[in-house]
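Asks: Sequence plus predicted model, see below.
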Amino acid sequence: MHIDPNHLAALSAVLRLGSFDLAAHALHVTPSAISQRIKALEERIGASVVHRGQPCEATPIGARLAKHAEDIGLLHGALMRDLGLERDQTPSRLRIAVNADSLATWFVTAMADVDGILFDLVLDDQDHSAEWLRRGEVSAAVTALQSPIVGCDMHALGALPYIATAHPDFIKRWFADGVTAQSIRRAPCLTFNQKDQLQRRWIEHNIGEGLVPPEHYLPSSQAFVDAALSGVGWGMNPALLVIGHLEHGTLQPLIPDSTLSVPLSWQVSRVMAPALAPVTKAVLKSARQYLN
C-alpha cells in the first residue's frame, strides 16, 4: 500500500504540535489542507489516526504511522549523509525511551553531541523501557535489559550506581538504632512510581526480604534529591546527583558501602541502526564518561 508522504507529514505535524492550525502553520499550508490530508489518510488505511481534541492525540494506528514517517526522515538523512549530498535543513525527529535518572545524569550530554536530530524522549523505568521498543513505538531505548531485544542491536553502557541516602536529621529520627527490619518498615521512603523497584531491591540485598516501607511517590529525579535534602524520606539516588551533598554532609548513606549498581544497555532497532549510528556513537561516548 502506498501512502502519500504529504499525508504522513501532516499527521506527524498534527500529533507533534497538537492542533491542525499549528500543523498548517508549520507546513505552510491552510488548516483546510491539513484536514483534507488527514481525512485522505484515514480513508486510505480505513481507520482513524487522530483523536481530535485539545490537544489532538494519536490513535494506536496513528502513532505507528507517525513513527514510520519519522523513520523515513531519519533514513533519508542518513542516505544524504552517506552519499555526501546536501541535506534538507529540516532536522529529523527521533523517538527514544529513556529512564529519568539517565536523563538527569548523562543522556543530555549525548544529545548535545548529535546534530540534525530533534529528540522526542519517552520516560519510563529502566526495567520497562524495552517494552516501547518491542511495541515498535520508539527506535531506540536505554534499558536495564542485558540481552538483545528481537530485531535490535544491543550495546552495553556500563552501570549507573545508586546510593540509599537521607538527611542526617532523618537518619537520627528514624534509624537511631540502626537500619533494621523494624526501622525500615516505619521510615518513609521515596519511590519514583509503581514501577520503581530500586528501594525494595536495596532492602532485600541489605536488610531482608518481604519488608515494605511506607512510600512517597515522586516522579522526578531532582525531586528525589530535594525531598531527601528536606527530610521527607530516604531514597535511592544516583551517585552522580548526590556526590556533592554526600561530601558536604547534607546527605548521608543509610548504610556505608551499600551502593546498588544498575547495568544499562542501549538497544536500537536493527533496521534503523545505520541511520542512528551518530546517535549510538554519542550515547556510548557519554556512557563511558559517566557510568561505571
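Replies: Sure thing, it's come through. Owing to the predicted nature of the structure, the values given are computational and were not obtained by experimental measurement. Numbers count the residues shown, from 1 in each chain.
Asks: Where do the strands of the protein begin and end?
Replies: Taking DSSP state E as the criterion, the chain contains strands spanning 50-51, 57-58, 92-98, 117-123, 140-143, 152-166, 189-191, 215-217, 235-238, 252-253, 260-269.
Asks: between these, which gets nearest to residue 72?
Replies: strand 92-98 (9.2 Å; C-beta to C-beta). (Glycine included, C-beta is placed from N, CA and C.)
Asks: buried stuff in the closest one?
Replies: Buried residues in strand 92-98, defined by neighbour count with 16 or more other C-beta atoms under 10 Å: 92-98.
Asks: ditto for stretch 97-113
Replies: Quick answer for stretch 97-113 (16+ other C-beta under 10 Å): 97-107, 110-111.
Asks: For the residue nearest to the spatial centre of the chain, give its distance to residue 122.
Replies: Nearest to the geometric centre of the chain sits residue 98, at 2.1 Å (C-alpha atoms, centre = their mean). Per C-beta to C-beta, to the nearest Å, residue 98 is found 7 Å from residue 122.
Asks: what's the overlap in contacts for those two?
Replies: Counting by C-beta atoms under 8 Å, 6 or more residues apart in numbering, the residues touching both residue 98 and residue 122 are residue 129.
Asks: In the stretch 1-150 of the chain, what residue spans correspond to helices?
Replies: 5-17, 20-27, 31-45, 60-83, 100-102, 108-112, 130-134 (DSSP state H, counting those that start in this stretch).
Asks: Now tabulate those in JSON lines and tack on distance to residue 242 and mean pLDDT.
Replies: Converted to JSON lines, those look like this (distance: least, C-beta to C-beta, whole Å; pLDDT from 0 to 100):
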{"stretch": "helix 5-17", "distance to residue 242": "35", "mean pLDDT": "86"}
{"stretch": "helix 20-27", "distance to residue 242": "40", "mean pLDDT": "89"}
{"stretch": "helix 31-45", "distance to residue 242": "47", "mean pLDDT": "90"}
{"stretch": "helix 60-83", "distance to residue 242": "36", "mean pLDDT": "77"}
{"stretch": "helix 100-102", "distance to residue 242": "11", "mean pLDDT": "95"}
{"stretch": "helix 108-112", "distance to residue 242": "18", "mean pLDDT": "97"}
{"stretch": "helix 130-134", "distance to residue 242": "27", "mean pLDDT": "89"}
